[in-house]
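Visitor: Using only what follows, build the 3D model:
(2 chains)
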Amino acid sequence: MDWKKYAYTFLITAAIFGTAIFLSNFFNQKKLNEIKDIESRIAVDILASETQFSLLEELSCRDIGNTFLSKELAELGDRLSYTEESRGTDDPEVMNLKRYYSLLEIKDFLLYQKVKDRCGAPEGFLPPIIYFYSNEEGVCDGCEREGYVLTRLREEYPDLRVYSFDYDLNLSAISTLVNIYGVKGELPALLINEKTYYGFKSIEDIKEIIPALKEIDRQKAEAEKQATSTKDN
Amino acid sequence: MAAIDEIITYALLFLALYFEVFLLVTYFEIKDQKGKFLSSFKKNIALPSVTIIVPVWNEEATVLKTVFSLLKLDYPRHLLSVFVVDDGSTDKTWNVLQRFSRNKQITLLQKPNGGKHTAVNFALERTKSDLVGCLDADSFVHPQALRRIVANFEDPEIMAVTPAMKVHEASTVIQLMQKVEYGWAVFLRQIFAYLNAQYVIPGPFSIVRSKVFHQIGFYKHAYNTEDMEMALRMQSNGYKIGNEPSALVYTVTPNTLKKLYKQRLRWTYGFLRNTFDYKHLFFRPQYGHLGMIILPTASFSLVSLLYIIGKAIVDYANIIFNKIIEFRTVGFHFKWPNTFDWFYFNTDLVAILSFMALIFTITMLFMSRKLSEGHMRPGRDMLYFLALYSVIAPLWIIKAFYNVAFAKSTKWR
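Guide: Got it, this is the predicted structure:
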């Protein structure tokens, strides 16, 4: 028997396996770093907006442009939920990133509130949706479907801000938010214009809650109609 | 649960990679030694006498072509005889065969129907040549095939030599897919021969020393895969089986999925039953690579395939279930991703390992193409093979396991 060949083959296979482990770790770490990069960019954005807001406090609301909220939050959310799905909810590194993401969401939301309180709702801005969910099995039956609804809404209305919070995430800031708005543990829960809605809400339900969405639909339909009639002419 | 699942998956991937690396290492060993083989090849060896047995059953349409291809073999007439055994055909096969009744090279035999192996044995009892081979009535040989095979018998240890089988006139998608598969088999057979680990002497044109049958007996009923049983019996008696990749045999292959399914069910079922009967070969160093790696891997790959199929079904069912929920919640909506984002590229260990295993497989497919077709150009046949084989092979594998478990036998036709 040529035992040496079996040993060589084993070594080569082990080397290939090792390379695969290295590559997988390398790419996964790179992804986590990318999430960290986005998080720190958003942190800077928020800080910049807050600073700008404090500086302009004495000045007119007109000086506040409509770019004061971070554009990258949604993208960050997508990446995090993908990472959470592929690495599991028990990965401590992912959970840390998620906690930080939740903090950024809260800061972003507070900034929005501040601007709104001082200057009224900025023009063209839709009221943000705060969404509480749970990934734990059997805790929230409607959360998966609510997730599809909110994803679709965000695709259709890019200006709609959805802040999603994992109810089970061990983060005191989320608990405070829950206490302030008196959100009970019945999930899914949506907080829109300081009012909490419990249970699954379909796209139509949410459009009823936020009539501005219907208005956008109407404008879109009109624009389309005009476009077709121009074409026909 | 998830942890066990992961460990099994990693173990399977490790074993699959191990086997692929083993094959590749062996292939390069062969390449390294090829020069030595060729230099030992002598052209003017004393040619042995050969009998080719053609068992036929209702093969009036193809039998003539098969016999003619044998008559065209480049081999001295007085050393080559053909025995055609009509195994109780109910069509005009026997009448068609009468045109050879005066040909001294050809012996026509007739017997009541009893199955292919009985027909071959019927002729074996009557042969006196040094070498004996078979040719199914759905196969044709290249004129040089016999000479090329016979040259291998110069090695006194070689007791049987297998040819390189090719698909005859592939036209349907199913046949084109098999063309690649047969090319792959040519590659594997060469490697297995080098390792002395062939476990089938294919019905079409494998040539065996006559004395083998006198020493270890004739063909016996073995789940309609008698050629595998004979190879395993030879292996367990320590006989060497060689391979001649340049000896080409063309065989008519199933042209529809249904026919292919039937044939492969018979092969897979026969493989499972025969390897079980010869389980004493497993993990015994005295049976060399056959016992240590080839048979265990071949059997294990079928079992692991069952696991992979089961897992894939569960995974896909989950995805479909979620898609249905999504569809019922927000309706159908397809959105092209705006830009390619590497972030969403699966870089899990399982994905990377599977990708590596796939790369090895494709590399070996190209090598086998070079060996069997003489070129490496990809064609649509490769596409069919890659896209279809893994989808349809589970059909007969699952059924074969089912039949083994519930003791159901398979039919020839």
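
Visitor: contacts, neighbours, all on C-alpha from now
Guide: Fine.

Visitor: Go ahead and confirm B:Ser368 touches B:Arg189.
Guide: No. Using C-alpha atoms under 8 Å, B:Ser368 is not in contact with B:Arg189; the gap is 10.4 Å.

Visitor: how close does B:Asn403 get to B:Ala197?
Guide: Distance of B:Asn403 to B:Ala197, computed by C-alpha to C-alpha, to the nearest Å: 27 Å.

Visitor: cool, B:Lys262 as well?
Guide: 26 Å.

Visitor: Kindly report the same for A:Lys201.
Guide: Note on A:Lys201: its distance to B:Ala197, by C-alpha to C-alpha, is 65 Å.

Visitor: Okay, and the beta partners of B:Leu248?
Guide: Using DSSP bridges, the bridge partners assigned to B:Leu248 are B:Ala164.

Visitor: Surely it is in contact with B:Met165?
Guide: Yes. Between B:Leu248 and B:Met165 there is a contact at 5.9 Å, judged by C-alpha under 8 Å.

Visitor: Between the two, which has more neighbouring residues?
Guide: Using other C-alpha atoms under 10 Å in any protein chain shown as the criterion, B:Leu248 and B:Met165 rank with B:Met165 on top: 25 against 22.

Visitor: isn't that one right next to B:Tyr250, touching?
Guide: Yes. If you go by C-alpha under 8 Å, B:Met165 and B:Tyr250 touch, sitting 5.9 Å apart.

Visitor: hang on, B:Leu395 in a strand?
Guide: No. Looking at B:Leu395 with DSSP: H, G, I helix; E, B strand; the rest coil, it is helix, so not inside a strand.

Visitor: What's the local residue count around it?
Guide: Neighbour count of B:Leu395, defined by other C-alpha under 10 Å: 13.

Visitor: Kindly state the pLDDT recorded for it?
Guide: Looking at B:Leu395, its pLDDT is 90.

Visitor: In contact with it: list those residues for me.
Guide: By C-alpha atoms under 8 Å, 6 or more residues apart in numbering or on different chains, B:Leu395 lies in contact with B:Tyr261.

Visitor: give me that answer again for 10 Å
Guide: Counting by C-alpha atoms under 10 Å, 6 or more residues apart in numbering or on different chains, B:Leu395 touches B:Tyr261, B:Arg264, B:Leu265.

Visitor: Repeat that for B:Ile313.
Guide: B:Ile313 sits next to B:Tyr307, B:Ile319 when contact means C-alpha under 10 Å, 6+ apart.

Visitor: What mean pLDDT does the helix or strand harbouring B:Thr162 get?
Guide: Assessed by DSSP states H and E, B:Thr162 sits inside strand B:158-167. Computed over strand B:158-167, the mean pLDDT rounds to 94.

Visitor: Can you identify the element that follows it toward the C-terminus?
Guide: Heading C-terminal from strand B:158-167, the first helix or strand you meet, by DSSP H and E, is helix B:173-194.

Visitor: Mind checking which of B:Lys262 and B:Ala197 has more residues around it?
Guide: Taking neighbours as other C-alpha under 10 Å, B:Lys262 and B:Ala197 compare with B:Ala197 leading, 26 against 16.

Visitor: unless I'm mixing things up, the more buried one is touching B:Phe282, no?
Guide: No. Contact criterion C-alpha atoms under 10 Å: B:Ala197 and B:Phe282 do not qualify, at 12.0 Å.

Visitor: circling back: let's see if you can find the most crowded of the contacts of B:Leu395.
Guide: Most neighbours among the contacts of B:Leu395, by other C-alpha under 10 Å: B:Leu265, with 25 neighbours.

Visitor: Excluding chain neighbours, what is closest to it?
Guide: Excluding its sequence neighbours, the residue lying closest to B:Leu265 (C-alpha to C-alpha, 6 or more residues apart in numbering or on different chains) is B:Trp396, at 4.9 Å.

Visitor: ok, that neighbour touching B:Leu305?
Guide: No. Under the criterion of C-alpha under 10 Å, B:Trp396 makes no contact with B:Leu305, lying 11.7 Å away.

Visitor: For the residue in the stretch 151-300 of chain B that chain A sits nearest to, give me its contacts.
Guide: In the stretch 151-300 of chain B, no residue comes nearer to chain A than B:Gly288, which is 6.0 Å away by C-alpha to the nearest C-alpha. Neighbour list for B:Gly288: A:Met1, A:Asp2, B:Leu195, B:Asn196, B:Ala197, B:Gln235, B:Gly238, B:Leu281, B:Phe282, B:Ile294 [criterion: C-alpha under 10 Å, 6+ apart].

Visitor: Can you name the helix or strand that the closest residue to A:Lys201 other than its chain neighbours falls in?
Guide: Nearest non-adjacent residue to A:Lys201, counting by C-alpha to C-alpha, 6+ apart: A:Glu146, 6.7 Å away. Using DSSP H and E, A:Glu146 sits in helix A:143-156.

Visitor: Next: A:Tyr8.
Guide: Taking DSSP H and E as the definition, one finds A:Tyr8 inside helix A:3-55.

Visitor: Give the buried residues for the following helix or strand past that helix.
Guide: Next helix or strand after helix A:3-55 toward the C-terminus (DSSP H and E): helix A:73-87. Residues A:Leu73, A:Ala74, A:Leu76, A:Gly77, A:Arg79, A:Leu80, A:Thr83, A:Glu84 are the ones in helix A:73-87 that count as buried (16 or more other C-alpha atoms under 10 Å in any protein chain shown).
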